[in-house]
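**Student:** can you look at this prediction? I've put the sequence above it.
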Amino acid sequence: MNTPDTVNTAADTDLDLVAGLLRDVPDFPTPGIRFWDLSALLADGAGLAATTRLLAASAGEGEHAADVVVGIEARGFLLGAAVAHALGVGVVAVRKHGKLPVVAARRSYDLEYGSATLELPADVLRPGERALLVDDVLATGGTAVAACELVEGAGAEVAAISMVLELPALGGRARLGDRPVHTLLAR
Ligand SMILES: O=P(O)(O)OC[C@H]1O[C@H](OP(=O)(O)OP(=O)(O)O)[C@H](O)[C@@H]1O
Ligand SMILES: Nc1ncnc2[nH]cnc12
């Protein structure tokens, strides 16, 4: 029987479901990297719904509510669109270099297994808007910092950063400074 401090909430149930659908793959994409793959989670209807609920719950309410979601290529697109729909707001796709026809700004960065450049589409973020950044994994934080700088460079505010999985050993949270970071699980 549950006692008051062992009551399972709906969020706990969602979290258990999410955790059970993650898989880690050794030596991908390069030797020595333990890669966290969310494919099975995204492919599972209940898993995707639980993930969306949990990520949306980390968005602020009232005056702290997000005006828009920013999804980071590529896996952040899938989660970002789902979270935006749940919150009733739109979604901005921050893309890898060379995919957008009209670019507001770009940032290059390093991550666990290489380097990349992110670009923000022109004329979609308005100054003063509160953006919720969504992606799957927070590792070194290079990707998230670049995305935050693009949002902030457009005059918008990073309301929060929401990710499914954090890899604390790689130090991403510290690189994000004072920006509010919410991750569902750590490995
Ligand atoms: O915290 P970091 O060290 O920056 O790593 C996290 C990023 O790495 C992965 O994306 P990846 O660049 O592999 O791109 P993809 O989603 O296009 O596969 C992941 O989806 C995050 O965006
Ligand atoms: N180990 C990892 N697994 C999945 N995505 C990542 N992005 C950066 N590092 C990662």
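**Tutor:** Yes, it's here. Ligands and ions are numbered 1, 2, ... in the order given.
**Student:** touching ligand 1 at all, stretch 16-34?
**Tutor:** No. Counting by Cβ under 6 Å from any ligand atom, ligand 1 has no neighbours in stretch 16-34; the shortest distance is 7.6 Å. Placement of C-beta: from N, CA and C, glycine included.
**Student:** list the buried residues for that stretch?
**Tutor:** Buried residues in stretch 16-34, counted by 16 or more other Cβ atoms under 10 Å: 17-18, 21-22.
**Student:** out of the residues you listed, which are inside helices?
**Tutor:** Per DSSP state H, helices hold the following members of the buried residues of stretch 16-34: 17-18.
**Student:** JSON lines for the buried residues of stretch 16-34, including pLDDT?
**Tutor:** Conversion of the buried residues of stretch 16-34 to JSON lines gives the following (pLDDT from 0 to 100):
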{"residue": "Leu17", "pLDDT": "98"}
{"residue": "Val18", "pLDDT": "98"}
{"residue": "Leu21", "pLDDT": "98"}
{"residue": "Leu22", "pLDDT": "98"}
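**Student:** residues near Ala116, how many?
**Tutor:** Counted by other Cβ atoms under 10 Å, the residues lying close to Ala116 total 15.
**Student:** hey, what's it bridged with?
**Tutor:** Tyr109 (DSSP bridges).
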